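Q: make a model of this:
(one chain, ligands or ions: 1)
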Amino acid sequence: MQSPSPRPDVTIGILALQGAFAEHQVMFQKVNARRRVVIVLVRTPEDLGRCDALVIPGGESTTIALLARLAGLLEPLAQFLKSKPVWGTCAGAILLSAEVENAKKGGQEVLGGVSVKIARNGWGSQVESFEAPLEVEGLRESNRPFHGIFIRAPVVLDVMPALTDAPIQVISRISSSLLPASVGPLDEDDTDPRDPRTIVALRQGKHLLTTFHPELTKDYRFHEYFVVECVLPTMAASAATA
Ligand SMILES: NC(=O)CC[C@H](N)C(=O)O
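A: Model (predicted):
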């Protein structure tokens with residue numbers, strides 16, 4: 001009798017030029033997606049070529065963009081995200097956005113891919129860091145809040161007309177009562193739940209964007225979510241059309 005063919009691995013790349021890439025690696029090692037998750041630390045176009053999906057970590061978005069340019073990775077990254085899932089956390093979310101406000105002098109190179117306008121350091125320079133419990137749609141045990149760690153985090157300013165057919169799907173908003181005072185009022189009552197600045201996690205098709213740092217917790221549900229909800233369905237769909 002023929003033994004069942006082993007399930008193929010899932011290869012997740014983590015852009016490892018600067019920032020919290022090692023922390024993401026530790027988290028993915030805990031994920032059980034009934035497939036072996038292989039991690040590649042991506043520093044060259046050849047590394048990227050081995051990956052089914054990519055994570056762009058938090059760090060300093062201008063530094064990551066500069067190092068990506070020096071490594072000859074900017075163009076390969078822009079091509080990669082046309083067909084494969086990319087998850088940007090914090091600085092990575094900035095790089096994944098279509099437009100950036102508060103860019104450093106000389107501009108901010110972005111990869112685009114997710115049709116939002118985002119502000120660097122959007123919570124203001126005084127309040128550089130805060131933590132808040134988040135409700136996240138679609139996460140395993142979604143009634144258990146996810147601990148959001150925001151470190152000089154970007155803020156979503158606007159959801160723009162979609163660059164692709166995939167609509168923006170907001171999966172987590174921070175409660176307006178937990179926003180730092182530096183954000184300023186959302187509206188006259190300061191409670192507008194639809195203000196884009198309350199968006200802290202969203203999807204657009206296969207891509208995932210979080211303005212906080214799931215890799216700095218011990219809770220790997222977001223890493224599992226990326227593999228199960230973004231990466232595996234994209235791999236299955238491209239295998240079906242191949
Ligand atoms: N924790 C972070 O990733 C901070 C992001 C940083 N403020 C930037 O502009 O890139």
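Q: who touches the spatially closest residue to residue 30 that is not a sequence neighbour in this structure?
A: Computed as Cβ to Cβ, 6 or more residues apart in numbering, the closest residue to residue 30 that is not its neighbour in sequence is residue 220, at 4.5 Å. To be clear about C-beta, it is placed using only N, CA and C from the backbone, and glycine gets the same treatment. The contact partners of residue 220, by Cβ atoms under 8 Å, 6 or more residues apart in numbering, come to 27, 28, 30, 31, 214.
Q: also residue 136?
A: By Cβ under 8 Å, 6+ apart, the neighbours of residue 136 are 142, 146, 171, 172, 201, 221, 222, 225.
Q: next one: residue 42
A: 13, 14, 15, 16, 48, 51, 54, 73.
Q: look at the spatially most central residue of the chain and give its secondary structure.
A: Residue closest to the mean C-alpha point of the chain, counted by Cα atoms, centre = their mean, is residue 88 at 2.5 Å. State at residue 88, reduced to three classes by DSSP: H, G, I helix; E, B strand; the rest coil: strand.
Q: any idea how far the residue nearest to it when sequence neighbours are not counted lies from residue 33?
A: Excluding its sequence neighbours, the residue lying closest to residue 88 (Cβ to Cβ, 6+ apart) is residue 96, at 3.6 Å. Distance, residue 96 to residue 33, by Cβ to Cβ, to the nearest Å: 22 Å.
Q: of these two, who's got more company?
A: residue 96 (27 against 16; other Cβ atoms under 10 Å).
Q: the more buried one contacts residue 209, correct?
A: Yes. Residue 96 is in contact with residue 209 according to Cβ atoms under 8 Å; the separation is 5.6 Å.
Q: between these two, what contacts are shared?
A: Shared contacts of residue 96 and residue 209, counting by Cβ under 8 Å, 6+ apart, come down to 88, 114.
Q: quick one: end-to-end distance for stretch 94-109.
A: 9 Å (Cα to Cα, to the nearest Å).
Q: average pLDDT across that stretch?
A: Average pLDDT, stretch 94-109: 81.
Q: same check on stretch 129-137?
A: 92.
Q: how about the residues of this structure near the ligand?
A: 58, 59, 60, 61, 90, 91, 94, 120, 121, 151, 152 (Cβ under 6 Å from any ligand atom).
Q: just the residues you listed: which are in strands?
A: residue 151 (DSSP state E).
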